[in-house]
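Undergrad: Show me how the following folds:
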Amino acid sequence: MDNEGISKKDNQTIESGLLIQNIEVSPVARSEADIHSWRVKHIHAEAINGNRAALYDLYSDCLLDAFLKRMVAKRVLGVTKNKLRFVNKAGVEIKTENDFINLRQFRKLRQEIQLQKAWGISVIELMNDNGFFKFFSVPRKHVLPKEGQVLITQHDIDGIEYRKPPYNKTVIEIGDFDDLGYLLEACAYVIYKRGSIADWANYAQTFGMPFREARYDGFNELVRMQLENALEKAGSAAFAVLPRDAELKFHEMKNSA
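TA: Residues are numbered from 1 along each chain as shown. Here you go, the predicted structure:
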């Protein structure tokens, strides 16, 4: 790890990690998700030559759900809030090692390791920043765990083999190659919840507003047009404009549920 990492030259920061230099990260593709698209992305991720990019984009989108985001953070915090101590075989603490594991970057590394449970995989490059520890977590949608490769762009079919030299000297891998993480199951419930809230909002908009009725003299066409124009501008609730001698009835369902 002596020659890899981040260094500064002429007051400019130079990224010299072997992986961080090559990856072209794409933004999250956010689209309307339903259970069918969730299943399709799941199947594609598990295929023989599958790619996790679409599924991981769905994970990122579902993590906008405040409850799910907080539950993931709570799980990570439950482990990382505990302090670590480095001791030798005799049980004596080694101060230099304890100073290292108390670094902010090392605490962030512990958090990234714990996120493997959520996403299924973590590939992390360790780097040397002018003698200080730093790491780069490879975007997970660029990782092919079965092949042990990091893709330069997320839709490539092959990439950098991080399990082979020289990458295996600075890259660590956490997780099993066939693990898609617990976000796979959680996303299904987020999608169902979004759909339920959307259906309820639509129901409330449709049936929660009072129905409006306006009457006019059956021979006065000008008044009818004026009534329709006024009711349309007054809101989106349903309305009816009827002649005075007309009769309007509403038949409610016996089971309102």
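Undergrad: hey, let's count contacts and neighbours off CA atoms from now on
TA: Noted.
Undergrad: Sketch out the helices for the stretch 1-150 of the chain, chain order is fine.
TA: For the stretch 1-150 of the chain, the helices defined by DSSP state H, counting those that start in this stretch occupy 35-46, 53-62, 66-80, 95-101, 104-114, 116-119.
Undergrad: ranking these by mean pLDDT, which is last?
TA: Mean pLDDT values for these show the minimum at helix 95-101, a mean of 88.
Undergrad: what about it, distance to the chain center?
TA: 34 Å (CA atoms, centre = their mean, to the nearest Å).
Undergrad: Who are the packing partners of the longest strand along the chain?
TA: Determined from DSSP state E, the single longest strand within the chain is strand 122-129. Contacts defined by 3 or more CA pairs under 8 Å, 6 or more residues apart in numbering; DSSP states H and E place strand 122-129 against strand 5-9, strand 132-137, strand 171-174.
Undergrad: so what strands line up beside it?
TA: Here strand 122-129 is paired, per DSSP bridges, with strand 5-9 (parallel), strand 132-137 (antiparallel), strand 171-174 (antiparallel).
Undergrad: So for the last one, what gets flagged as buried?
TA: Neighbour counts using 16 or more other CA atoms under 10 Å place 171, 173-174 of strand 171-174 among the buried residues.
Undergrad: Then stretch 151-160?
TA: 151-154, 158-160.
Undergrad: For the stretch 151-257 of the chain, which segments are assigned as helices?
TA: Under DSSP H, counting those that start in this stretch, the stretch 151-257 of the chain gives helices at 183-207, 221-233.
Undergrad: Show me what the shortest one is packed up against.
TA: Packing contacts for helix 221-233, counted by 3+ CA pairs under 8 Å, 6+ apart, involve strand 212-216, strand 239-243.
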